[in-house]
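Asker: give me the fold of what follows.
(5 chains, ligands or ions: 4)
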Amino acid sequence: MKSTAELSGIQNYKNLPNRFELPSAWKFFLYFLGICFFIYSLSGSGLSGGDLVRGVPNMARLVGEMTPPEFSRIRSISLAMLQTFQMALVGATIGIIISFFLAVLASRRNSPHPALYYSTRFIIAFCRSVPDLVWAVLFVASVGLGVFAGTLTIIIDTIGFCGRFFAEAMEEVDQGPEEALQTIGATRLDIVMSAVVPAAMPSFVNSSLFAIEKAVRSSVVLGLVGAGGIGIELKVAMDMFEYQTAATIILSIFLLVIAVEQFSITIRSRFM
Amino acid sequence: MKSTAELSGIQNYKNLPNRFELPSAWKFFLYFLGICFFIYSLSGSGLSGGDLVRGVPNMARLVGEMTPPEFSRIRSISLAMLQTFQMALVGATIGIIISFFLAVLASRRNSPHPALYYSTRFIIAFCRSVPDLVWAVLFVASVGLGVFAGTLTIIIDTIGFCGRFFAEAMEEVDQGPEEALQTIGATRLDIVMSAVVPAAMPSFVNSSLFAIEKAVRSSVVLGLVGAGGIGIELKVAMDMFEYQTAATIILSIFLLVIAVEQFSITIRSRFM
Amino acid sequence: MLLQSETTYIDSDMISGEEIHLAVSSLAKSFDGRGVILDDVSFSIKKGDAVALIGGNGSGKSTLLRCCLRLVEPDRGEISLLGMPVTSLRRSPLRALRSRVGLIFQRHNLVPRLTVLSNVIHGSMNSGWGFRRWRQGFAPAEIREQAIGCLEKVGLPHLANSRADQLSGGESQRVAIARALMQKPDFIMADEPVASLDPKVGREVMDLFVNLIKTENITFLFVSHDLEHALTYSNRLMAMKDGVLHLNGETKDYQTADLHEIYG
Amino acid sequence: MLLQSETTYIDSDMISGEEIHLAVSSLAKSFDGRGVILDDVSFSIKKGDAVALIGGNGSGKSTLLRCCLRLVEPDRGEISLLGMPVTSLRRSPLRALRSRVGLIFQRHNLVPRLTVLSNVIHGSMNSGWGFRRWRQGFAPAEIREQAIGCLEKVGLPHLANSRADQLSGGESQRVAIARALMQKPDFIMADEPVASLDPKVGREVMDLFVNLIKTENITFLFVSHDLEHALTYSNRLMAMKDGVLHLNGETKDYQTADLHEIYG
Amino acid sequence: ASGSAIKLAVTDIEGLEMLQREFGAFRDILSEKLGTEVEFYPVPNRTAAVEAVKSKTIDFVLTGPAEYVVFKQLTNSTPVIGFSRPDYYCSVVVLADSGINNIGDLKGKKLAIGSVGSTSKHLAPLQILADNGLDPLKDVKVLHTSVDLGWQSLKRGDVAAWGMTTDKFLKLRGKDKDLEPGAFKVIARGPDLPNDVLLAAPHIDKDTIAKVKKVFTENSDQLVGAILTGEDNKKYAGMKFLPSVKDEDYNYVRSMYITIGYPKFAGFVE
Ligand SMILES: Nc1ncnc2c1ncn2[C@@H]1O[C@H](COP(=O)(O)OP(=O)(O)OP(=O)(O)O)[C@@H](O)[C@H]1O
Ligand SMILES: Nc1ncnc2c1ncn2[C@@H]1O[C@H](COP(=O)(O)OP(=O)(O)OP(=O)(O)O)[C@@H](O)[C@H]1O
Ligand SMILES: [Mg+2]
Ligand SMILES: [Mg+2]
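Answerer: Numbers count the residues shown, from 1 in each chain, chains lettered A, B, ... in the order given. Ligands and ions are numbered 1, 2, ... in the order given. The predicted structure is shown next:
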């Protein structure tokens, strides 16, 4: 009797390499565990297509209540938006500058010492771990109620985000040019500034502009603690059931997001 | 009399190219405007070194109130953490999958049609623009409060983030291999899957794991939609002035963030 | 053995068909800030021709090849490739046309992080099997078999499972050649295909191309800085200088000395 | 003129110094999953030598060069470069040592997005001027002047302001050479430095190197697949085969035919 | 109503965990006495609660007076039981040495108050201002912030005054280690505020409402005891259930909405 392999004609093929490398038993076990946990999580996440479908009419009704956007309070909204954007711009800019230096230390290849590498990674992760709410409370309690506390929160927030993404971008860069500068005898700083930064630039621009945008959006939290900005306006509109005004605010955030994104695309194309 | 240039010996140098390209008058004007706006923003951001220094004792007091972390409620915190992580995992995974497809359409080079490009960019930007606060209300009205609403919020949030970062990663990829597949006559899909994805993989992994981590952290929002989780625990702890419990929660978030980051580094190194 | 410039390997008289495979007329291209790179280039290549394209660095050879496949959009001029008007084709017929042409890039352009075998299998994407050509792991056995065959032709079957970005210069060039062979093209355009190859493999690869011309009746256009190669392995010879086509004729009419003038 | 294999350009007897500039002993290197790449390689090079290194694709030539500068960490063996024990140097003296060696990479490794001039100016980073070497815009006039001078030596002063990633193959190779010249090195290692150059420029560049040996008394180690170049521009010749050093001797003792065996 | 279980929301409390802690005992007794299971339905804010009532996902809501007015207006819910608590009123606090002696002195200064839409933390303080002759929308700069941060800001002098529920103020003042109680001064107090109220969504039938009312009147002591097990619920100490609660009881709150610039919730009151 012929084996299945022979019947299907596979024996005609020469010594082909394996299609996939089989994972080791240990890894296989880990994969298996991971999948089990995911399935277990699925059950805990309450996904339900039915609920979603049944919810559509209600959602439609709410969206209906939001239209048409109400522009009568556009003046105070614009002012709040401007203030928010100012805080975001300044906070994010300062955060981005700090992030850049931290990121150099937090990227494995560029860090002068493993101890520095781990400690900066820790600092950045810590900035990310403490929620906005807590930072805001800390800063309001220390520097007082107002924009400055908001700006500080944004700085920390930006460090948590950009610090990580800048470091990753630097690690993803093609190593060829770096090696070339190494053989020239350049210092690590020279290499970072001359080879890593130009290559990671589009990514830096992207993360940076995202950070500004993010800062604008996170002003909802800042609003909660009295740091001003568009967040509190939105909260008032929602709490007072002025859905049409809320729609205006959402729209203005949307416009800002789109504008920042377009700006990002323009700048990046200059660095590509 | 000799000119300054002659005196300083510059006349000896041959026809060197310009050090910098001078911007056109129009661009120069734009730069100038930008700088002015930034300075104006600075004044609006309330930055004050003095305030910061004066605030340090207060901040120290608050931090003092947070130590030592209080572990008596560790059981309910761990449970909330697990639930949060489950929701984050499922929500982010689904979001990442959707983001991938959207991102292909939202990256200029891979999009089959400019109309699709712009519309997906819009959708992604929109997901980012609508604040969590508003999503919460929308979901309550449609699918009811609970884990499902939380998971949906995470999905939307992840799309807003990953959709953008995936698209940018795809655009930053080296074009050589892409061109090679183009000349083979591969379809856009083939090119994306065979040339773009392998090149953008480290970046994808990074953004994806960040999205999971972000979802865990944004569970303050999940608390908002009544989905439980660690966020609401933290809010309650802060509102009830249980700063030591808050410290425990922050610490556990920190551990999770570090774990996800280490995992990210491990996985990425396999794709580098 | 190395110097065969007196006797060309292929003779124009051997070429049977009169079909024109590539016709370029008044092609022009300039890049922002770099001025004119291709200036009114016109020529045509018959089916079965083996054409050597020589010229100094930066004279526009690579750009010319890229224009022919519209990887670079020409500013002006007509290009007809395998009977199709390249410059006016829409997306899908352009894809179909490109799939019939194997282009070997000067920088190889392999997909990093994937294995050599996956890279070679990509060459068969023109046959439209979708996801089965994305990775070697998905490909049907006969395709994998063929890919190994192509790797054998360039002498690298043992590297099938290596990562494409860990190859030596010559190895990566050979993988790029194997990928183009996998396409089973009607027309091969090769941009300095043996620049990084050692002399022996270089000769073997050129012999391989010439063999394909004879057995499969393909057309072959290659760029080379090696004048012996150019004289040995072509029946037609073109020379670019500063974006202008300076020589364009039968290889047998030229001597090494003539060609050196091109680089003046 | 092309074939000068009988008379070598440089003669070992001309070499005055007896100083050893590079001594490698029992060097070994293997890569995961690829087995042994360098197998017990030992040789030494005197100051002022011009050494050609030939060998088949993948025989380990590039890896050997990389090991000599510890861009790749060797598994075993001793390397003494310019009198320094490369394998045991700490970060800062290693940097000082590297700065004295100009390495021209097979893949050129220019920094994309920066201008050609900035790339060449990077070559002077070994003189430690910090940020003034990061971009051409910051560099002092004399450095910019020198860089233009180096570009002139390779014939590209007109491209000083072009972006490094928009160059043709040969142009980018020449920029890499200019960058190495900018280093004013005591030792030049060049990995197939003229592979993408047209014949005329290729000869000019090799002449340039040989001139540097004569005037500046540098040492020169180059990899080449062009046997004529190898025979013409060297006084010493080494040949690798499958990671083993097969030939190592005076160039004048070898004939083209001998060398072909290496690729067998 | 949705099948068997009754869904109960409490607008003041975020999160299920907290609900359990504060109202867990109360719910258990209620379930037992009603003979129907009562489920908690946590809502993040009153906007969500209103939407949940509209989409019939919750049946009963325990909420404050300001919220009641909104519910009545937007969903036509019915009041079931009033939760009358003693000393539920609002104060405007300043630092004793600030030189501010009456509401009029606050003109042009900053005032910290609590979250938007809260009776005692938003509406009532502004009403006090209005009652004392200031226009809260023009004459002072109002900052919304959390209770703790409002307190901190007052102490630091970021704001001139702080408007807050009196029991919260007393609690914070008692705990404070930096300043003596005498360092603070209340410059104005408002009248006692209307009751918190348990209201029924419009889709709940009369019989159920009557049944619930009955349970509350008959088991008053037991339920009050259960409510007081919660930490935050200590504010209800000394409370009494009022089964006779009427819509008109909230007209004072309706006038507050006019004061804060949202007349649309003032209903038929001018
Ligand atoms: N995208 C681009 N932008 C600007 N200039 C370019 C671009 N691509 C090529 N060039 C320039 O066009 C000229 C011709 O380039 P091309 O690559 O065609 O030269 P080549 O003949 O192939 O040279 P080589 O023999 O060195 O490969 C070069 O001077 C190059 O710098
Ligand atoms: N990082 C790496 N990982 C695994 N294998 C490698 C790596 N680098 C090089 N190799 C392998 O080592 C061998 C020697 O490579 P090397 O680049 O030294 O060859 P070479 O002699 O320079 O060849 P060529 O003439 O083609 O440039 C090759 O087979 C290559 O595939
Ligand atoms: Mg070229
Ligand atoms: Mg090599």
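Asker: by proximity to chain B, which residue of the stretch 101-250 of chain E wins?
Answerer: Scanning the stretch 101-250 of chain E for the residue nearest chain B gives E:Asp148, at 6.4 Å (criterion: Cβ to the nearest Cβ). C-beta: built from backbone N, CA, C; applies to glycine.
Asker: count of neighbours near that residue?
Answerer: Using other Cβ atoms under 10 Å in any protein chain shown, E:Asp148 has 19 other residues around it.
Asker: was I right about it contacting A:Ala136?
Answerer: No: counting by Cβ atoms under 8 Å, E:Asp148 stays clear of A:Ala136, with 11.6 Å between them.
Asker: residues in contact with the closest residue to chain C within the stretch 151-272 of chain A?
Answerer: Distances between the stretch 151-272 of chain A and chain C by Cβ to the nearest Cβ are smallest at A:Asp174, namely 9.3 Å. By Cβ atoms under 8 Å, 6 or more residues apart in numbering or on different chains, the contact list for A:Asp174 reads A:199, B:174.
Asker: swap the cut-off to 10 Å and go again
Answerer: Each residue near A:Asp174 by Cβ atoms under 10 Å, 6 or more residues apart in numbering or on different chains is listed here: A:195-196, A:199, B:174, C:112, C:165, D:107, D:109, D:111-112.
Asker: who wins for most neighbours among those residues?
Answerer: Within the contacts of A:Asp174, most neighbours by other Cβ under 10 Å means A:Ala195, with 29 neighbours.
Asker: domain assignment for chain A?
Answerer: Domain assignment for chain A, taken from automatic domain parsing, gives A:91-208, A:229-272.
Asker: and the shortest one, how far from the chain's centre?
Answerer: Right, domain A:229-272. The gap between where domain A:229-272 is centred and where its chain is centred comes out at 17 Å by Cα atoms, centre = their mean, to the nearest Å.
Asker: repeat for the longest one
Answerer: Remark: domain A:91-208 is offset 13 Å from the chain centroid, using Cα atoms, centre = their mean.
Asker: what's the average pLDDT for that domain?
Answerer: Domain A:91-208 carries an average pLDDT of 90.
Asker: my guess is A:Ser72 meets A:Gln244, correct?
Answerer: Yes: counting by Cβ atoms under 10 Å, A:Ser72 touches A:Gln244, with 9.1 Å between them.
Asker: who's more crowded, these two?
Answerer: Neighbour totals were compared for A:Ser72 and A:Gln244, and A:Gln244 leads with 17 against 11 (other Cβ under 10 Å).
Asker: surely the more buried one is in a helix?
Answerer: Yes: when DSSP: H, G, I helix; E, B strand; the rest coil is applied, A:Gln244 is found to be in a helix.
Asker: give the contact list for it.
Answerer: Listed by Cβ under 10 Å, 6+ apart, the contact set of A:Gln244 reads A:65-73, A:237.
Asker: re earlier: for the domains of chain A, give me a markdown table that also has distance to ligand 1.
Answerer: A markdown table is the format used below for the domains of chain A (distance: least, Cβ to the nearest ligand atom, whole Å):
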| stretch | distance to ligand 1 |
| --- | --- |
| domain A:91-208 | 17 |
| domain A:229-272 | 12 |
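Asker: just name the most buried of these.
Answerer: Ranked by mean neighbour count, the domains of chain A are led by domain A:91-208 with a mean of 22 (mean count of other Cβ atoms under 10 Å in any protein chain shown).
Asker: that domain and ligand 2 in contact?
Answerer: No: against ligand 2, domain A:91-208 shows no contacts by Cβ under 6 Å from any ligand atom, the least distance being 10.7 Å.
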